[in-house]
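K.L.:
Got a predicted structure here, sequence first:
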Amino acid sequence: MATPRPEELRLLEAMLFASAEPLDEKALAERLPKGINVRAALDRLQQEYGPRGVNLVRINGKWTFRTASDLAWLLSREVTETRKLSRAAIETLAIIAYHQPVTRAEIEDIRGVTTSKGSIDVLLETGWIRPRGRRKSPGRPVTYGTSEAFLSHFGLDAVSDLPGLEELKGSGLLDGELPPEFAVPMPSDDPALREDEDPLEPGDLDLGLAPRPEQAAED
């Protein structure tokens with residue numbers, strides 16, 4: 001006789017399917033009977049959906065259902081891209097992802113070339129990067145980091161899931177003959193400002209850098 005399927009799995013399915021946004025474990029636990037091990041139930045549900053056309057995935061610490069990656073082509077359609085990321089923008093995005101928090105001057109130092117304001121603007125428009133604060137240094141330059149939209153687009157639970165040096169070598173994206181001192185930093189997108197960062201100021205609203213008060217209150 002087959003073991004009855006736990007009721008909490010049905011409840012989790014219902015909540016996740018009905019939600020337009022990914023849900024964290026705390027929000028899910030609030031709607032489940034007391035004593036339920038939410039993480040264990042989610043792990044079991046994830047295993048059940050592993051071979052199906054829809055998978056349960058975790059994005060930035062939140063859970064949601066997504067079309068299985070190998071079936072994404074079924075839902076794709078031909079579209080005309082009005083704006084493609086330039087090589088400079090792609091390099092800038094990679095530097096921000098691995099080195100955040102980072103300023104424009106620091107990006108230029110790593111790339112070895114001047115970074116146009118357009119590259120930063122394009123990435124801000126995509127929503128993949130966000131201004132974090134201002135560096136406690138002369139000129140108080142803005143520091144940048146990646147956003148939740150970046151994690152969602154690339155299917156990452158955390159920015160630390162980005163490939164490391166050995167993975168990049170294995171994929172052929174990096175030449176095997178690298179300088180001995182070459183290293184890929186361990187990325188971190190901790191939202192807390194660091195000791196060398198100040199929060200964005202109200203005046204930054206005019207530059208479109210900081211969220212408006214009502215938006216910040218909602219978040």
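P.N.:
On my side now, so go ahead.
K.L.:
Helices along this structure, start to end?
P.N.:
Taking DSSP state H, the helices of the chain run over residues 7-18, 25-29, 38-49, 72-75, 87-99, 104-111, 117-126, 148-153, 165-170, 213-218.
K.L.:
Quick one: mean pLDDT for the fourth one?
P.N.:
The average of the pLDDT scores along helix 72-75 is 69.
K.L.:
coming back round to it: of all the helices of the chain, which one is nearest L56?
P.N.:
L56 lies closest to helix 38-49 among those, at 4.4 Å (Cβ to Cβ). For the C-beta atoms, the positions are set from N, CA and C on the backbone; glycine is no exception.
K.L.:
Using PDB, list the CA coordinates for the closest one.
P.N.:
Listed next in PDB are the C-alpha coordinates belonging to helix 38-49 (Å, rounded to 0.1, in the frame of the first residue of the first chain):
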ATOM      1  CA  VAL A  38       9.100  23.700   5.900                       C
ATOM      2  CA  ARG A  39      12.500  23.200   4.400                       C
ATOM      3  CA  ALA A  40      12.300  19.500   4.500                       C
ATOM      4  CA  ALA A  41       8.900  19.700   2.800                       C
ATOM      5  CA  LEU A  42      10.200  22.000   0.100                       C
ATOM      6  CA  ASP A  43      13.200  19.800  -0.500                       C
ATOM      7  CA  ARG A  44      10.800  16.800  -1.000                       C
ATOM      8  CA  LEU A  45       8.600  18.800  -3.300                       C
ATOM      9  CA  GLN A  46      11.700  19.900  -5.300                       C
ATOM     10  CA  GLN A  47      12.700  16.300  -5.800                       C
ATOM     11  CA  GLU A  48       9.200  15.400  -6.900                       C
ATOM     12  CA  TYR A  49       9.200  18.100  -9.500                       C
END
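K.L.:
Now that helix: buried residues?
P.N.:
The neighbour-count check on helix 38-49 (16 or more other Cβ atoms under 10 Å) flags V38, A41, L42, R44, L45, Y49 as buried.
K.L.:
got a list of contacts for it?
P.N.:
Here helix 38-49 makes contact (Cβ atoms under 8 Å, 6 or more residues apart in numbering) with 6, 8-9, 12-13, 25, 28-29, 32, 55-57, 63, 65.
K.L.:
if we can go back for a sec, format the buried residues of helix 38-49 as TSV; extra columns: pLDDT and distance to A192.
P.N.:
TSV is the format used below for the buried residues of helix 38-49 (pLDDT from 0 to 100; distance: Cβ to Cβ, whole Å):
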residue	pLDDT	distance to A192
V38	94	25
A41	94	30
L42	94	26
R44	93	33
L45	94	31
Y49	93	33
